[in-house]
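# From the sequence below, what's the structure:
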Amino acid sequence: MTDTAQAEAASEAAIMAMVRRFYALCFEDDVLGPMFRALITDFEEHYRIVADFWSHSLLGTTRYNRGTPYTHHVGMKVEEVHFERWMAAFGQAAAEELPAPLAELAMKRARHMTESFKMGLLPLKAPEPRPSGAAA
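Residues are numbered from 1 along each chain as shown. Predicted structure coming up:
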């Protein structure tokens, strides 16, 4: 096996380890755990799909062919706290399981994804009331 092939295999294994660690952390969470258990019916299949997504996102592989992740999350009832806890679990899993350069890239992509998902899944915040006499 070439050095490049070994590095790619190690990266793929690290990505799967990160996915499994992320879900283990989520299952321990009193907000995320019940939601994930209610929504995911086949965890092994789900881990593979999520690992394929992160392999595509971090390594440029072509295994993830399910469109954008957003479309698979549209029906979920989420609040700001879900995103906060998701990012905390993801950050911990990435730091524990990925080599530093991949962890940094994963966090950059996860932050971008989180902000995009928030815009689509959370209700718009009510505008702040203007102080009396403030110009419109």
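# How about the contacts made by the nearest residue to I15 once chain neighbours are set aside?
Excluding the flanking residues, the one nearest I15 by CB to CB, 6 or more residues apart in numbering is W54, at 5.0 Å. Backbone N, C-alpha and C define where each C-beta goes, glycine included. Residues near W54 by CB atoms under 8 Å, 6 or more residues apart in numbering: 15, 18-19, 106.
# Now find how far off-centre stretch 28-44 is within its chain.
Offset of stretch 28-44 from its chain centre (CA atoms, centre = their mean, to the nearest Å): 14 Å.
# Pull up the distance across it, start to finish.
End-to-end span of stretch 28-44 (CA to CA, to the nearest Å): 18 Å.
# Phi and psi next, for the residue nearest the centre of the chain.
The centroid of the chain falls nearest to A110 when counting by CA atoms, centre = their mean (5.5 Å). Backbone torsions for A110, taken as degrees, to the nearest 10, come to phi -70, psi -40.
# who's in contact with it?
Per CB under 8 Å, 6+ apart, neighbours of A110: 87, 90-91, 94.
# biggest helix in this structure by residues?
For the chain, the helix with the greatest residue count under DSSP state H is helix 3-28.
# Follow the chain on from it and name the next helix or strand.
Next helix or strand after helix 3-28 toward the C-terminus (DSSP states H and E): helix 32-39.
# Could you tell me the angle between whatever helix or strand comes next after that following helix and helix 3-28?
The helix or strand immediately downstream of helix 32-39 is helix 43-59, counting by DSSP H and E. Going by axes from the mean of the first three to the mean of the last three CA atoms, to 10 degrees, helix 43-59 is angled at 130 degrees with respect to helix 3-28.
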